[in-house]
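Here's a sequence, model it:
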Amino acid sequence: MNAAAPTSPRQRRMHDDNGRVLLKAFTREELRDWLVQELDEKPFRADQLWSWLYIRLASSFDEMTDLSKPFRARLEERARVDALTLNSEHLAADGTRKLTWRLDQGGVIESVIIPTEDRVTLCISSQLGCAINCQFCLTAQMGLRGHLSTAEIVDQVVQARRLYGQERRITNIVFMGMGEPLHNADNVIPATRILTERKGLDLSARRVTLSTSGLIPEIERLGRETNVRLAVSLNATTNEIRDWIMPINRRYPLERLMETLERFPLKKGERITFEYVMLEGVNDSLDDARRILRLTAKIPCKINLIPFNPHPGTTFRSSAPETIEAFRAFLRAKHVNVTVRETRGDDRMAACGQLGTPGDKRPKRLDPPEPLRAQFPQGTLRLDDR
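Predicted coordinates:
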């Protein structure tokens, strides 16, 4: 039986619980319209305010000194600069930083700053929890508790730049934190437009990557409405295994997913990234590597092999380094663009698949295929397993 597709919020949250406008929910055009129509201001005010939000990274209206005091007072009454409150910072031994943010409606989300020699990548969240229930991911054990607003998504980037811009500028954004970005497409797609606005944060679209588990209608929408890079969490090469570890596959099986990706609009030289978490005894055989070749043969792509990052309570284990290397070498010998992702921040639970804090109620663990049932016990994890 096919799994139900998660429903979209089909709306954008533009106000806080007190009715104040969340300024970072607006695209540049929307901000101009709001100022003209609601506050009866001249259009040039939008350019001034946009500059303060995204170039000067102001944290309050008081900092906006080239705006008149009456205008700032009206903004203070009607709107908010920041949508998130910094909750904690955690520095890993390798320089990775995990930031946690408190939400107005309750709950904490996480984002991760990953510095390397040639870039600084910020991994951001799109939801509080996740509805997709991937069996190997800690965030999935939270279930879905809420969709982030456009403002809450964008604010992760703004506040991270504000905090660490003096050290090194954030150069790349990846929607690979908590949540399935395309399950929250109504808020995520406007956020990509704000991130890539040339007169603001000015991130190149090729430096913004959105990762999805494979929601086909929303992949098609993404291709129509924005030109950021697409990454797809593949993680299995048969429907039997993917149905188990990524139950969204029951709704959108591999054949349909690959057909959709063959049609995805790409500019010359662009590629789709397939992310592939290496799970011992599940998806790491050379037969899997051969199937990857067949699945992706018609798609300009690169393969990113990701060693599984363990978390308390999981029954999965990462493939051995020699197994990952053999997998990589086989694909490379077939002229596939393939890399192995370096694990970063795992000593602070900041690595891929380690974000979030499950509560008392967790989605049920799914039964593995018959040959794997002895290796992977069934049922919901106990709370004392964490």
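
Could you use CA atoms for every contact and neighbour count after this?
OK.

Pull up the pairing partners for the helix or strand where Leu305 lies, direction included.
Using DSSP states H and E, Leu305 maps to strand 301-307. Sheet pairing of strand 301-307 (DSSP bridges) gives strand 272-278 (parallel), strand 338-340 (parallel).

Can you tell me the element Gly19 falls in?
Using DSSP H and E, no helix or strand contains Gly19.

Could you check how far it is from Gly95?
Using Cα to Cα, to the nearest Å, one obtains 39 Å as the distance from Gly19 to Gly95.

next one: Thr209
Counting by Cα to Cα, the gap from Thr209 to Gly95 is 22 Å.

what does Glu325 give?
According to Cα to Cα, Glu325 and Gly95 sit 26 Å apart.

With Glu117 instead?
In terms of Cα to Cα, Glu117 sits 11 Å off from Gly95.

which one of the two has more residues nearby?
Per other Cα atoms under 10 Å, whichever of Glu117 and Gly95 has more neighbours is Gly95, with 14 against 5.

continuing past the helix or strand harbouring Leu122, what's the next helix or strand?
Element membership for Leu122, per DSSP H and E: strand 120-123. For strand 120-123, the succeeding helix or strand toward the C-terminus, using DSSP H and E, is strand 127-129.

where does the stretch 1-150 of the chain have low pLDDT?
For the stretch 1-150 of the chain, the stretches flagged by pLDDT under 70 are 1-10.

All the strands of it, residue numbers only.
Ranges of strands within the stretch 1-150 of the chain are 21-22, 79-80, 85-91, 97-102, 108-115, 120-123, 127-129, 144-147, based on DSSP state E, counting those that start in this stretch.

Go through the ones you listed and pick out the most buried.
strand 127-129 (a mean of 27; mean count of other Cα atoms under 10 Å).

what distance separates that strand from the middle of the whole chain?
For strand 127-129, the separation from the chain centroid amounts to 10 Å (computed by Cα atoms, centre = their mean, to the nearest Å).

Stretch 60-69 too?
The answer for stretch 60-69 is 33 Å, by Cα atoms, centre = their mean.

again with stretch 179-191
Going by Cα atoms, centre = their mean, where stretch 179-191 is centred and where its chain is centred differ by 9 Å.

same thing with stretch 281-299?
On Cα atoms, centre = their mean, the centre of stretch 281-299 falls 24 Å from the chain's centre.

Could you pull up the mean pLDDT of that stretch?
Across stretch 281-299, pLDDT averages out at 98.

Contacts for stretch 206-223, please.
Stretch 206-223 is contacted from outside by 132, 171-176, 180-183, 185, 189, 192, 227-234, 246, 248-249, 252, 257, 260, 264-265, using Cα atoms under 8 Å, 6 or more residues apart in numbering.

can you pull the buried residues of it?
208-216, 218-219, 222-223 (16 or more other Cα atoms under 10 Å).

can you pull out the helices in the protein?
Assigned by DSSP state H, the chain shows helices spanning 28-38, 44-54, 69-78, 150-164, 185-195, 216-225, 239-245, 254-262, 286-295, 321-333.

Using a markdown table, please lay out the ones you listed together with distance to Pro358.
Below are these laid out as a markdown table (distance: least, Cα to Cα, whole Å):
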| stretch | distance to Pro358 |
| --- | --- |
| helix 28-38 | 36 |
| helix 44-54 | 33 |
| helix 69-78 | 35 |
| helix 150-164 | 21 |
| helix 185-195 | 24 |
| helix 216-225 | 27 |
| helix 239-245 | 18 |
| helix 254-262 | 29 |
| helix 286-295 | 31 |
| helix 321-333 | 29 |
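
Quick one: closest of those to Leu144.
Nearest to Leu144 among the helices of the chain is helix 185-195 (14.9 Å), distances taken as Cα to Cα.

Kindly spell out which helices and strands sit in contact with that closest one.
Applying 3 or more Cα pairs under 8 Å, 6 or more residues apart in numbering; DSSP states H and E, we find helix 185-195 packed against helix 150-164, helix 216-225.

Nearest to Leu286, out of the ones you listed?
From the helices and strands packed on helix 185-195, taking Cα to Cα, the stretch that ends up closest is helix 216-225, at 27.8 Å.

quick one, domains of this protein?
21-80, 85-385 (automatic domain parsing).

winner for burial among these?
domain 85-385 (a mean of 19).

How far off centre is it?
Computed by Cα atoms, centre = their mean, the chain-centroid distance of domain 85-385 equals 6 Å.

ok now do Met349, which residues does it touch?
311, 355.

Now do the contacts for Pro368.
241, 244-245, 376, 378.

Let me know the closest of these to Asp47.
For the contacts of Pro368, the nearest to Asp47 is Ile245 (46.9 Å; Cα to Cα).

Next one: that closest one from Val154, what distance?
Counting by Cα to Cα, the gap from Ile245 to Val154 is 30 Å.

first to last residue in stretch 204-213, what's the distance?
With Cα to Cα, one end of stretch 204-213 sits 24 Å from the other.

Could you dump the strands paired with strand 301-307 into a markdown table with distance to Trp50 added?
As requested, those are exported to a markdown table (distance: least, Cα to Cα, whole Å):
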| stretch | distance to Trp50 |
| --- | --- |
| strand 272-278 | 32 |
| strand 338-340 | 38 |
